[in-house]
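Engineer: coords please:
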Amino acid sequence: MAISTPAEDNDRRARADLRALAAPTVGDAIARAHATSLREAGSDSAQSTWIQHRLARELEAARAVLHRVLADKTSRSDALQLAELFELCRIWRDVDPEFAEQEAPITHELIHTHGISIEPKHKC
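Structural biologist: Residues are numbered from 1 along each chain as shown. Here you go, the predicted structure:
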């Protein structure tokens, strides 16, 4: 693990705070955009097939990040990586139950381990 200065640590912490604060809004907006894209493409179109394939690849990449961070103790101790994971949970929680299940423990860890406040859940 690289050694960082106190200024770098403060900057990373500030970015984690900002990421966690924005995650509910950004994650929910991206999830709505996914749903809107699928709905507007129609069910039997080439565009719909392309969008479904694209979202499947994005979900696969998000799962890889989720598993990597959850399996790596160093990553779990990094508030910025957890804040990014929290955002992924907000994006994919309605699509994949694993993200829905991991959202609460990640939120708890951000709040209680890293002291980062999370906005209450807003379901639109």
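Engineer: Can you name every helix or strand that the helix or strand of the chain with the lowest mean pLDDT contacts?
Structural biologist: The helix or strand of the chain with the lowest confidence, counting by mean pLDDT, DSSP states H and E, is helix 6-41 at a mean of 78. The elements that helix 6-41 packs onto, with contact taken as 3 or more C-beta pairs under 8 Å, 6 or more residues apart in numbering; DSSP states H and E, are helix 46-71, helix 79-92. Every C-beta, even on glycine, is put in place using the N, C-alpha and C of the backbone.
Engineer: Which of those helices sits closest to residue 22?
Structural biologist: helix 79-92 (7.6 Å; C-beta to C-beta).
Engineer: For the helix or strand just after the closest one, output the C-alpha coordinates as CSV.
Structural biologist: Once the chain leaves helix 79-92, the next helix or strand it forms, by DSSP states H and E, is helix 97-112. Output of helix 97-112 as CSV, limited to C-alpha atoms (Å, rounded to 0.1, in the frame of the first residue of the first chain):
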residue,chain,number,x,y,z
PRO,A,97,-30.7,-8.6,-5.4
GLU,A,98,-27.1,-8.8,-4.5
PHE,A,99,-26.7,-5.1,-4.8
ALA,A,100,-29.9,-4.5,-2.8
GLU,A,101,-28.5,-6.8,-0.1
GLN,A,102,-25.1,-5.1,0.1
GLU,A,103,-26.5,-1.5,0.1
ALA,A,104,-27.3,-1.6,3.9
PRO,A,105,-23.9,-3.0,5.1
ILE,A,106,-22.0,-0.6,2.9
THR,A,107,-24.0,2.3,4.1
HIS,A,108,-23.5,1.1,7.7
GLU,A,109,-19.7,0.9,7.1
LEU,A,110,-19.5,4.3,5.5
ILE,A,111,-21.4,5.9,8.4
HIS,A,112,-20.0,4.0,11.4
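Engineer: sorry, back to before: quickly compare the helices and strands packed on helix 6-41 and say which is most buried.
Structural biologist: helix 79-92 (a mean of 23; mean count of other C-beta atoms under 10 Å).
Engineer: And the contacts of it?
Structural biologist: Among residues not part of helix 79-92, those counted as contacts by C-beta atoms under 8 Å, 6 or more residues apart in numbering are 12-13, 15-17, 19-20, 22-24, 26-28, 30-31, 34, 59, 62, 65-66, 69-70, 75-76, 99-100, 102-103, 106-107, 109-110, 114, 116, 118.
Engineer: All good on my end, thank you.
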